[in-house]
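Undergrad: sequence? don't have it. structure:
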């Protein structure tokens, strides 16, 4: 009986998903569906995309950087979050010709 429980636990652990590594690419279409300046929250970003590269300023504002696959490289998806954890601004930067290829 115990062996069955251990085997079941091992099999189920393989089904568990992990949060993406910081800086992991996210689909641009999913990003566009979820991120709405003035409404999307820090918690929603973490639930949808996981943690990413961040910079926290003394003012309490934060910038978050995600990337998305794009023709010729990766597009940068940059967010500015207010002290209240709500997205204030977003910017997309397409790959430049001089960017390193993925």
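TA: Looks like it came in fine. Keep in mind the model is a prediction, meaning the values are calculated, not measured.
Undergrad: can you give me the strands in the protein?
TA: Along the chain, the segments classed as strands by DSSP state E run 53-56, 62-70, 73-81, 87-93.
Undergrad: residue 44 is nearest to which of these?
TA: The closest of the strands of the chain to residue 44 is strand 87-93. By CB to CB, the value is 8.8 Å. In this view, the C-beta of every residue, glycine as well, is placed from N, C-alpha and C.
Undergrad: what residues does that closest one touch?
TA: Outside of strand 87-93, the residues within contact range by CB atoms under 8 Å, 6 or more residues apart in numbering are 28, 35-41, 45, 61, 75-82.
Undergrad: re earlier: want to try a markdown table for the strands of the chain, with mean pLDDT as columns?
TA: Output for the strands of the chain, formatted as a markdown table (pLDDT from 0 to 100):
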| stretch | mean pLDDT |
| --- | --- |
| strand 53-56 | 92 |
| strand 62-70 | 88 |
| strand 73-81 | 88 |
| strand 87-93 | 92 |
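Undergrad: save these as CSV, and put in mean neighbour count too.
TA: Written out in CSV, the entries for the strands of the chain read as follows (neighbours: other CB atoms under 10 Å):
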stretch, mean neighbour count
strand 53-56, 11
strand 62-70, 18
strand 73-81, 19
strand 87-93, 15
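Undergrad: need the helices for the chain, in chain order.
TA: 2-13, 28-34, 42-49 (DSSP state H).
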